[in-house]
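Asks: Quick one: sequence plus predicted model below, questions after.
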Amino acid sequence: MKEEQSRKCSPDSTDDASYPEEQERYRPSPTIGGDESLYSQPGADTFQCSLEAPRSVNQKQREGPMTYLNKGQFYAMTLREMGGANKGRRNPFSKVRSVVMVTFSDDKDRDEQLSHWTYWHSRQHTAKQRVLDIADYKESFDTIGNVEEISYNAVSFTWDVNDEAKVFITVNCLSTDFSCQKGVKGMPLRIQIDTYSYNHRCNTPTHRAFSEIKVFCDKGAERKIRGEERKQIRMKPKGTAGSLAALDRKSDTMFFKSLSDLDTQPVLFIPDVNFGHLQRTGQVFAFNTEEMEREGGVAMKRVARPDEEHVCSPPPAKHFKPETRKRVLLYVRKESDEVFDALMLKSPTLMALLEAISEKYGVPRENTKIYQNNRG
């Protein structure tokens, strides 16, 4: 069994001189390397992950924890090693890499998730808008290193299990951002944390944990909590109901639930517009399965040379395949609006512009007039 796992988690060859071209193409990231890690075996309770955010009062049994967040607000996240047999002893080879990501629930397949992310991104005021951001607080960067934005909905960093890691994250999408209809129920989201051995060449995380989240605007998370508390008081038997102050409040620290499924690949979102621009400038975020195995299981962001063969064919599990039709992203606004809104054209033609305006603003194409402005 050990021999089989070793074959799975190690490169096919350790002879650097055997394949010089292969070594150049899939060169290891400078942030990975070194001695053998003690955290190469998966364990359900190897790490404890927590988020300083209000938990739902109505936690359902047999489901993951639920927490409420405000869009754009930073929350402190703490990761620590549980210890076990090594508790109290400092491990000299103790560095791990964690990937924090925002994903959809398990009932959404890959194509459906990517479709939702694309719709959300098309409605942002800038193409650079990310789903998940990490704050550059000194308190955070004293405990982590090698921070990388590996996709629009994921960040990775390294940390030492001898000390706890503390980062501050914010989610920039609302749960209701994935539908054009108003008044619909928000889409269930989750924060997932995958932790990998830093030195052991394996593309399977040693630990995975998650929490369901609902993201609100304008302090909606606090209002949601207060509403649940009032409802809980009303449901108490007569004579036992108390005030909100007397109600046992849930702790504002939410602990992530460990997952036993370590094999399912998460969906990482990179917009078509951004990917196409990087291809034209010769800078591509190459996500290659073989490269992932050599770089500790995390898809690493790197600059690719134009002569490399595989820069235009990322695996489908990570992001969209580039389409044959060239799409165009414009930013438009009405005269009465102050903020520009994104408008995606299926092709760079006048007819595509008319169709996009008609779909977005509900204006019949025959009622839309085009004027050409000739300068000079």
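Replies: Thanks, I have it. Numbers count the residues shown, from 1 in each chain.
Asks: What pairs with the helix or strand hosting A342, parallel or antiparallel?
Replies: Using DSSP states H and E, A342 falls within strand 341-345. Sheet pairing of strand 341-345 (DSSP bridges) gives strand 328-332 (antiparallel).
Asks: Output the strand holding A342 as CSV, nothing but the C-alphas.
Replies: The C-alpha coordinates for strand 341-345 follow below in CSV (Å, rounded to 0.1, in the frame of the first residue of the first chain):
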residue,chain,number,x,y,z
ASP,A,341,-22.1,48.3,-16.3
ALA,A,342,-20.5,45.4,-18.2
LEU,A,343,-21.9,44.5,-21.6
MET,A,344,-20.7,41.2,-23.2
LEU,A,345,-20.8,41.0,-27.0
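Asks: need the next SSE after it, C-terminal direction.
Replies: Defined by DSSP H and E, the subsequent element after strand 341-345 is helix 350-361.
Asks: residues making contact with that following helix?
Replies: If you take CB atoms under 8 Å, 6 or more residues apart in numbering as the criterion, helix 350-361 is touched by 328, 330, 332, 334, 341, 343-346, 363-365, 368, 370. C-betas here are computed from N, CA, C, even on glycine.
Asks: mind redoing it with 6 Å?
Replies: L343, L345, K346, R365, T368 (CB atoms under 6 Å, 6 or more residues apart in numbering).
Asks: Measure how the strand holding A342 sits relative to helix 350-361, angle-wise.
Replies: 140 degrees (axes from the mean of the first three to the mean of the last three CA atoms, to 10 degrees).
Asks: contacts for strand 341-345?
Replies: S122, R123, Q124, V328, L329, L330, V332, A352, L353, A356.
Asks: Just the closest of those residues to N146, please.
Replies: Distance to N146, by CB to CB, is smallest for Q124 among the contacts of strand 341-345, at 27.4 Å.
Asks: ok, so what distance separates the closest one from L69?
Replies: As defined by CB to CB, to the nearest Å, Q124 lies at a distance of 18 Å from L69.
Asks: Quick one: end-to-end length of stretch 186-206, please.
Replies: End-to-end distance of stretch 186-206 (CA to CA, to the nearest Å): 32 Å.
Asks: Return the set of buried residues in it.
Replies: Of all the residues in stretch 186-206, those buried under the rule 16 or more other CB atoms under 10 Å are 187, 189-206.
Asks: Check stretch 131-143 too.
Replies: V131, L132, D133, I134, S140, T143.
Asks: Flag the least confident of the residues you listed.
Replies: Scanning these for pLDDT, the low point is S140. It has 78.
Asks: tell me which element that one falls in.
Replies: Per DSSP H and E: helix 138-141 holds S140.
Asks: Show me what that helix packs onto, helices and strands only.
Replies: Applying 3 or more CB pairs under 6 Å, 6 or more residues apart in numbering; DSSP states H and E, one finds that helix 138-141 makes contact with strand 165-171.
Asks: From the contact counts, what lies against the next helix or strand after the strand it packs on?
Replies: Toward the C-terminus, strand 165-171 is succeeded by strand 189-197 as the next helix or strand (DSSP H and E). Secondary-structure packing of strand 189-197 (3+ CB pairs under 6 Å, 6+ apart): strand 95-104, strand 207-216.
Asks: for these, which one sits closest to V267?
Replies: strand 95-104 (6.4 Å).
Asks: Show me the contact partners of that closest one.
Replies: 39, 113, 131-132, 153-156, 158, 160-161, 171, 190, 192-196, 198, 266, 298.
Asks: And stretch 256-263, by the same measure?
Replies: Against stretch 256-263 from outside (CB under 6 Å, 6+ apart): P42, A44, D45, C49, G64, P65, T204, P205, R208, A209, S211.
Asks: Tell me which two of the residues you listed sit farthest apart.
Replies: P65 and T204 (23.8 Å).
Asks: give me the number of residues near the residue lying closest to E164 once chain neighbours are set aside?
Replies: Leaving out its chain neighbours, the residue that sits closest to E164 by CB to CB, 6 or more residues apart in numbering is R80, at 4.0 Å. Neighbours of R80 under the rule other CB atoms under 10 Å: 15.
Asks: what helix or strand is R80 on?
Replies: strand 75-81.
Asks: Give me the pLDDT value at Y26.
Replies: Y26 is given a pLDDT of 31.
Asks: coming back round to it: from V57, how far out is the residue nearest to E164?
Replies: From R80 to V57 the distance is 26 Å (CB to CB).
Asks: got a markdown table for the helices and strands packed on strand 189-197, with mean pLDDT and distance to R234 too?
Replies: Converted to a markdown table, those look like this (pLDDT from 0 to 100; distance: least, CB to CB, whole Å):
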| stretch | mean pLDDT | distance to R234 |
| --- | --- | --- |
| strand 95-104 | 93 | 33 |
| strand 207-216 | 92 | 22 |
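Asks: Include distance to F74 when you put those into CSV, please.
Replies: As requested, the helices and strands packed on strand 189-197 are exported to CSV (distance: least, CB to CB, whole Å):
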stretch, distance to F74
strand 95-104, 13
strand 207-216, 13
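Asks: Check this structure for its longest helix and report it.
Replies: If you go by DSSP state H, the chain has its longest helix at helix 220-234.
Asks: mind exporting it as PDB, just the C-alpha atoms?
Replies: Output of helix 220-234 as PDB, limited to C-alpha atoms (Å, rounded to 0.1, in the frame of the first residue of the first chain):
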ATOM      1  CA  GLY A 220     -27.400  42.300   6.100                       C
ATOM      2  CA  ALA A 221     -25.600  39.600   8.000                       C
ATOM      3  CA  GLU A 222     -26.300  41.200  11.300                       C
ATOM      4  CA  ARG A 223     -29.900  41.800  10.400                       C
ATOM      5  CA  LYS A 224     -30.300  38.100   9.400                       C
ATOM      6  CA  ILE A 225     -28.900  37.000  12.800                       C
ATOM      7  CA  ARG A 226     -31.200  39.300  14.700                       C
ATOM      8  CA  GLY A 227     -34.200  38.000  12.700                       C
ATOM      9  CA  GLU A 228     -33.300  34.400  13.500                       C
ATOM     10  CA  GLU A 229     -32.900  35.300  17.200                       C
ATOM     11  CA  ARG A 230     -36.300  36.900  17.300                       C
ATOM     12  CA  LYS A 231     -37.900  34.000  15.600                       C
ATOM     13  CA  GLN A 232     -36.300  31.600  18.000                       C
ATOM     14  CA  ILE A 233     -37.700  33.500  21.000                       C
ATOM     15  CA  ARG A 234     -41.200  33.500  19.500                       C
END
